[in-house]
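*Asks:* sequence plus the predicted model coming up.
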Amino acid sequence: MPRPLLIFIIILLPITVFFFIPPDHNLLYPEFNSFDITDRNGITLRHVLSKDYRTSSWKGIKEIPPGIIIATIVREDKRFFLHKGVDPIAMARAIYGNIKAHKIKSGGSTITMQVAKIVLNKRGRNLLTKILEIIYALKLEMHLNKAEILEIYLNRTPYGNQTYGIEAASQFYYGKPVEHLSLSEACVLSIIPKSPSILNPLRNKELIKKERDKILNKLLRMGLIDTLTYDCAINESIEFNEKNFIFNAPHFVDFILSQNIDKNCSKITSTIDINLQKNLEKMLFNLIKNLKKYNVNQGAIIVLDNKTGEILAMVGSRDYFDEDGGQVNGCLAPRQPGSSLKPFLYILALSNGIPMSYLMNDTITEFKLSDGTIFAPRNFGDKYHRLVRAREALGSSFNVPAVHILNIVGVEKFYNFLNTLHLSTIRKQPNFYGLSLSLGSAEVKLLELANAYRAIANKGVWTDYKFIRDSRKKIGERVFSEEVAYIITDVLSDNSSRLKAFGDDSPLNLPFPCAVKTGTTKNFKDNWCVGFTEKYTVGVWVGNFDGSPMNGVSGISGAAPLFRDIMIELHRREYPGKFERPKSLIQIKICAKTGLIPGKNCSVIEELFVPGTEPKETCNYCNVGEVRYEPWRIVPDCMDKSAKNIYILHPQDGDIFKLDPQIPYRNQAIAFKVYIDSTIESFSIKLNGNTLCKNTTTFLWQPKLGKYELEVIGNSRTGQKSEKITFTVF
């Protein structure tokens, strides 16, 4: 046999075998075993198929009225009965249109090619996928007649809202069998498969009417209907039987269907409470509506039962049916949590012997990193408070003290601790985040963050959340002690600890015990409010899915009011009780200013301690009047510098710095910063009369105990200028 002929046979044989072997019957006519997902009380959330989670019912071609068939063919493939699976004219027109538009606008697919795409289950729009569709369409035309191909198409094509097949669509949108559809209704359904998300009857009635009228006009022009039939259909109003739209808690149901669940059942009872869910959906919608002027377009809510871990409500976006990201689930989307991550840093600090009385500097501080770069955190609003206790720092969400704490406990240790809380999206190496991890630079999911807060509510024991109701209990993991959990709960529910930042009448001050923390990320891209009572944990996120910043909306003004309303709604029948305090904790009096054992001139408050972490030293600073405080400070950068030629920006007059024995000495340098205007020709910085540097506006000084006088002396054409301040290091 000649070699060319042999090669031809080798190539032709598998092609011939492929085309002559009939298509797999199970691929063309799959079995659909439906089941219902219900809420915790048996109310249906969605009817789905167990195989691929879609709603469908099969109808033979003879059961489908001619109006549906004609409208579908006119809409999708008007030369359906003339081609053998591929329409060269439609294909050429699509290629020309795509080249002209410089993008894929049309695929030129026939009904047979669409059936091939459904059967092959190939996603995406590319050349290889199109070639496979063409080949399989030719095979289908060899083995099936046109009626059989139409039957498969009409029973398996998508009609939007997780509804597949013409009978399911008829029942869903009109509440009646396909046999009872009018011509107008048949035309409406024939429109949807072209683009189910855009041509959604639930959202775009005007567009649907416009497209329906086009189909009816085509049918009239082609002589497929008479004028009387046309007039009746064109004048028929478009109405849907909304009571059949069983599509409740859509983000939550989608979440369930994405999990590894048992498909061999008739019903799945979920954990959600649909009445609560609907209330929260309305509350979120109204909040976003009110904040729209501040460029706030999205939000998400999660509610967990503390005891069982059951998800009671999951609102993933403002509106599931919104074309602009509505189907994104904000409860599962990774976002930076900002300060809402801080409680876990202080949990780690407490677990390592650092109490809530621990005193820290809250002043402009520069942290020198291992690579030589400088990390300079700023407080929200650029407000600083000199010396603060850890309780105040956490309650008022001060950034600089949080970085001090992370610098003490270590980034890697905090990173590992966050992993024990199953925050699955914190996966980059610890040094990638660095000290900014204390300020919530790592992305987390709202659901997982809320569940981590639930571990605090559950006295330091983490268990996984639940979305299906059953009697099985989740295995718990102790991740921190009961004593530490209570102290953090006490801080987060203590309105006095957040007075400096939020005032006395903030949305966080609820009429019952509630531990809560807000978070706002850089440039106002995200804001959070997460917290718990003894019964429930609630998480709220507000922002934009595209990452665009909001206009000045923080956690306290965006997410917090909604959090408050949700908590009041959850407890409207009965307010929750107090958090249970472990008997092993000790409560002693301390100096309000230094956190030490109070001396005779100290202002006294009480603080909770894990045994062994209480202060051992008596305060003697208040006795000599060395510690001075201001309730608020305006950072010098914001002051009017034009009044002076020379200005010391940092430190400020009267500042007090505390050397921390737990932080390496080299990391506690104090930055001297000065402002010099253009009239000053030369200047020097002096400390206690000794010159430190000349003609440089920033100088890092390694502090020593004592009182100091910092002076800047400048020379100009009009004479000598100077600025002087004093500060203390202890």
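*Replies:* Good, I have the coordinates.

*Asks:* from here on, just use CA atoms for contacts and neighbour counts.
*Replies:* Fine.

*Asks:* low-confidence ranges, the stretch 601-730 of the chain, go.
*Replies:* For the stretch 601-730 of the chain, the stretches with pLDDT under 70 are 623-644, 661-664, 666-667.

*Asks:* what segments of it are strands?
*Replies:* 604-609, 646-650, 655-657, 670-676, 680-687, 690-694, 698-701, 706-716, 719-729 (DSSP state E, counting those that start in this stretch).

*Asks:* redo the ones you listed as TSV? Include distance to Glu211 and mean neighbour count.
*Replies:* Output for these, formatted as TSV (distance: least, Cα to Cα, whole Å; neighbours: other Cα atoms under 10 Å):
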stretch	distance to Glu211	mean neighbour count
strand 604-609	69	18
strand 646-650	67	22
strand 655-657	72	22
strand 670-676	67	19
strand 680-687	74	18
strand 690-694	77	14
strand 698-701	68	14
strand 706-716	77	17
strand 719-729	76	15
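
*Asks:* helices along the stretch 401-550 of the chain, start to end?
*Replies:* For the stretch 401-550 of the chain, helices defined by DSSP state H, counting those that start in this stretch occupy the ranges 411-420, 430-433, 446-457, 482-492, 499-502.

*Asks:* can I get those helices in a markdown table with mean pLDDT and mean neighbour count?
*Replies:* As requested, the helices of the stretch 401-550 of the chain are exported to a markdown table (pLDDT from 0 to 100; neighbours: other Cα atoms under 10 Å):
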| stretch | mean pLDDT | mean neighbour count |
| --- | --- | --- |
| helix 411-420 | 97 | 17 |
| helix 430-433 | 92 | 15 |
| helix 446-457 | 98 | 27 |
| helix 482-492 | 98 | 24 |
| helix 499-502 | 82 | 17 |
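
*Asks:* could I get those as JSON lines with distance to Pro2?
*Replies:* Rendered in JSON lines, the data for the helices of the stretch 401-550 of the chain read as follows (distance: least, Cα to Cα, whole Å):
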{"stretch": "helix 411-420", "distance to Pro2": "68"}
{"stretch": "helix 430-433", "distance to Pro2": "65"}
{"stretch": "helix 446-457", "distance to Pro2": "69"}
{"stretch": "helix 482-492", "distance to Pro2": "84"}
{"stretch": "helix 499-502", "distance to Pro2": "90"}
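
*Asks:* how about the strands of the stretch 601-730 of the chain in JSON lines, adding distance to Ile7?
*Replies:* Below are the strands of the stretch 601-730 of the chain laid out as JSON lines (distance: least, Cα to Cα, whole Å):
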{"stretch": "strand 604-609", "distance to Ile7": "85"}
{"stretch": "strand 646-650", "distance to Ile7": "85"}
{"stretch": "strand 655-657", "distance to Ile7": "87"}
{"stretch": "strand 670-676", "distance to Ile7": "81"}
{"stretch": "strand 680-687", "distance to Ile7": "89"}
{"stretch": "strand 690-694", "distance to Ile7": "86"}
{"stretch": "strand 698-701", "distance to Ile7": "80"}
{"stretch": "strand 706-716", "distance to Ile7": "92"}
{"stretch": "strand 719-729", "distance to Ile7": "90"}
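
*Asks:* Phe375: which of the ones you listed is closest?
*Replies:* The minimum distance between Phe375 and the strands of the stretch 601-730 of the chain falls on strand 670-676, with 12.3 Å, by Cα to Cα.

*Asks:* what is that closest one packed up against?
*Replies:* Other elements packing on strand 670-676 under the criterion 3 or more Cα pairs under 8 Å, 6 or more residues apart in numbering; DSSP states H and E are strand 646-650, strand 698-701.

*Asks:* next, format those strands as TSV and append distance to Ile456.
*Replies:* Output for the helices and strands packed on strand 670-676, formatted as TSV (distance: least, Cα to Cα, whole Å):
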stretch	distance to Ile456
strand 646-650	39
strand 698-701	40
